[in-house]
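> Here is my input, please return the structure:
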Amino acid sequence: MNRGFEGCLVLYPQNEWEKIASRLKKLNLFVSKNRAFYRQFHNGATAVSLDGNGRALIPKTLLAYAGLTKEAVLFAYADRIEIWSKDRYEEVMSQDSEDFADLAEEVMGGLEEEDGK
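The predicted model follows:
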């Protein structure tokens, strides 16, 4: 489990975490931005395991980072699960639909061209 972007936590399967760690090992640590990113990315990273009831104990520092108090939202995608405070998730997801349309165009607009279709 690790701190994510936009104030959430991210839970990675061990094999996916190892892939990310392998990529990060390739960073040139003589470059100050790389060192800063490496430190920030690993800040709070914690191995978690499930108890006998299938629950994971989230460290207090990560709970505080994500603002988790009572209600949480789990958002699974790709190879990870994001864990959000309900309030923060709703805040992030309440962006204007026009902003989302612009974002979709920017992110997805050129995919067909890139795929050669």
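
> pretty sure Leu74 belongs to a helix, no?
No. Secondary structure of Leu74 (DSSP: H, G, I helix; E, B strand; the rest coil): strand, not part of a helix.

> Could you double-check that it sits in contact with Ser85?
No. If you go by C-beta atoms under 8 Å, Leu74 and Ser85 don't touch, sitting 11.6 Å apart. Every residue, glycine included, has its C-beta placed from N, CA and C.

> Which one's more surrounded, these two?
Ser85 (20 against 12; other C-beta atoms under 10 Å).

> Touching, that one and Leu63? I think so.
No. Contact between Ser85 and Leu63 fails when scored by C-beta under 8 Å: they sit 9.3 Å apart.

> Could you name every residue contacting both of these two?
Thr69 (C-beta atoms under 8 Å, 6 or more residues apart in numbering).

> Retrieve the pLDDT associated with Gly116.
pLDDT for Gly116: 55.

> same check, this time on Val10
96.

> The one 5 residues further on too?
The per-residue pLDDT reported for Asn15 equals 94.
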